[in-house]
Structures are given as structure tokens and as C-alpha cells.
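*Asks:* this one's sequence-less:
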Ligand SMILES: [Cu+2]
């Protein structure tokens, strides 16, 4: 019995013509198409507004590569260096994008080039790298996004040891930061940035590299899923259920001694930052908070790319100190 045309089974038995070697172009196009509608991943395209406030944009760039010059919503085209998307939260539920970043050294012709990737457990050493462009020269132009030109996230592959760092760039385009990897194992470093290309276009990317601490590796089991975590005398809870194929709110609340903390401070241009890493490949989602804020609470919009286990790292600032609450989330 012949299969009905257009069914999935049919299409898999008659694959489309080979797209040929220029698949990367297609892939980029898909990224671009997905970007504008994606909420997830990266610190997003663009930068803070001139007065330093957080753009209404909680919808940030896809975790891969994205070029705002391809924004189909050209009727609100952004001035160079001030790219903002003002889709507002109402449109978010229609957005299904959940691109993961950080899975590759390279994308769209740009490559993360670490100077060295071997570290000694517990010994601080400079981590140096460049982002090389299609011309194989270090990129030197980066847009400020969330108050920094580049955000470096580091975690061991068992999802322990999270760090959120801000390297500095030398005039030659070399980024560096003192880095301490506290335990033996394979680690992952994510460089999350928006570069400005020669034509002035902004390209958001999260590129990743492994870092190695040789020795007797003792992996830490992923903690069980929980809706409450404690750090430095604070208790943090979250509500909401991450879902595949739909963007859902996750609302975090911070308590101290059982009372809501009402003096959360802006940290990097927002009242909280959330990085979510997928267990298994450390696919990287960076999610931004809603601009609407109830004191003591921070709401994010999240679309899960797949079922599985994730570790969420919620950064918040109180009294000038940044704290991180960690959660295991299981998406079914
Ligand atoms: Cu950062």
C-alpha cells in the first residue's frame, strides 16, 4: 500500500536532492530566520540603550550565529551598534526557537581560537583566546551587550564548577582572564559575544571549546531536580515548567530568612541572568529576564530544545555581591 504523499515516512524514503556543498549558507539562513523569533540563547544581538537601561528585548539571539542585517522586520531596522528588538513578551509565546549555542568552535566563518586549553587543577592561569574572522585575523570590534563585550561561561562537563567571567581584550584582539579550574576533568568554556563585522553588522555568537585538567576524573552526579536551591544564606525558588516547542515563563524568587528579598540589584543590565546547559552535550542557552519585575522575583522566557536534563545557573546580585543558585531541570 503506497504511503500518502507528504507523510513523514514518505519523505524519509525519498530524500530531497542533495543540497550540495553550500549547505552552510542554508544553515545560516535558517539561523537567521530562527533568530528573530527565538528567545533563547546568547546575550542577544545589540546592546543596552544609551541611558543604560535594559532594552525591552527579552528575545535574544539564537545560540548559534545570527546577523541582524538579515532581520526581516526591516521596518524597525536598528541603527548600527544599537540593535534592539522590541517584540515584547506578548509575542514570545509564538516563538518556538530554541537554538543551542556553544557546541562548536566556529560558526559563520568566525572561530574561537584558544591559546592553550590545558590547566592544572586548582592552579590559576591565564586563559587566552581570540575570535578569528573569515580573514583569519582576530576580531577587535565587539558590541557591548549586558554591559560587557564578551561573557565567558565555564563549567565542567558534569555540569559542576560553573563560573561566569568577563575577560578583557588587548589591543590586538586577544582576550584573557585568570582562570582557576578547581578539579580534574574536561571543562567547557563558552564565549558569548556580539561582534561587529567590517560592514558594521552585528553578529551574535556563542562559541565553545573544551579545556582539559588531566588526572583522575571523579564526575559529580547531576543533583536531582528541585525547585529550591540555597546559596550564601539565600533561598531561591522557581515556578514554571520548561517545555519543548513552546516558550514558557520561569519565575525565580529570592528569599532570605524566609522573607522575599526586595533589594535585588541590577547586575549586567538586568535583575538576573540565567544560563542553562544541557546534560550530555552542554548545549548552551542563555535566557533573558522579562523587563516586567515584581520585587524579589525575576521572570525568564525559556523554550527547551529537547527532552532531557538541564542545569540552570541563576545569577543575581544583592548588596554588591553576585550569587549563583543552581537547579537541575528535567524536561519531559
Ligand atoms: Cu557576563
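*Replies:* Structure received. None of the values given here were measured: they were computed from a predicted structure.

*Asks:* Only C-alpha atoms from now on, for both contacts and neighbour counts.
*Replies:* OK.

*Asks:* Distance-wise, check residue 223 relative to residue 328.
*Replies:* The gap separating residue 223 from residue 328 is 6 Å, by Cα to Cα, to the nearest Å.

*Asks:* Between those two, tell me which one has more neighbours.
*Replies:* Comparing residue 223 with residue 328 by neighbour count (other Cα atoms under 10 Å), the higher total belongs to residue 328, at 23 against 13.

*Asks:* who touches that one in this structure?
*Replies:* Taking Cα atoms under 8 Å, 6 or more residues apart in numbering, we find residue 328 in contact with 222-226, 309-312.

*Asks:* Mind giving me the PyMOL command for buried ones among those?
*Replies:* This is how PyMOL selects the buried members of the contacts of residue 328, with burial counted by 16 or more other Cα atoms under 10 Å:
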select buried, resi 309+310+311+312
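
*Asks:* Residue 284: how many residues sit nearby?
*Replies:* 28.

*Asks:* Any idea how many residues pack against residue 163?
*Replies:* Neighbours of residue 163 (other Cα under 10 Å): 16.

*Asks:* same deal with the one 10 residues further on?
*Replies:* By other Cα under 10 Å, the residues close to residue 173 number 18.

*Asks:* Check the one 10 residues further on too.
*Replies:* Applying other Cα under 10 Å, we find 22 other residues in the vicinity of residue 183.

*Asks:* Touching, residue 116 and residue 128? I think so.
*Replies:* Yes: contact criterion Cα atoms under 8 Å: residue 116 and residue 128 qualify, at 7.1 Å.

*Asks:* Would you agree residue 252 falls within a strand?
*Replies:* Yes: under DSSP: H, G, I helix; E, B strand; the rest coil, residue 252 sits within a strand.

*Asks:* distance of residue 271 from residue 179?
*Replies:* Applying Cα to Cα to residue 271 and residue 179 gives a distance of 26 Å.

*Asks:* Looking at the two, which one has more neighbours?
*Replies:* Shown here are residue 271 and residue 179; by other Cα under 10 Å, residue 271 has more neighbours (24 against 18).

*Asks:* wait, what's in contact with the nearest residue to residue 331 once chain neighbours are set aside?
*Replies:* Closest residue in space to residue 331, ignoring its immediate chain neighbours: residue 307 at 4.7 Å, by Cα to Cα, 6 or more residues apart in numbering. Contacts of residue 307 were listed using Cα under 8 Å, 6+ apart, and they are 244, 330-332.

*Asks:* and these, which two are the farthest apart?
*Replies:* 244 and 330 (11.1 Å; Cα to Cα).

*Asks:* right, and the helix or strand after the helix or strand harbouring residue 274?
*Replies:* Secondary-structure assignment from DSSP states H and E places residue 274 in strand 273-278. Proceeding N to C from strand 273-278, the next assigned helix or strand is strand 284-287, under DSSP H and E.
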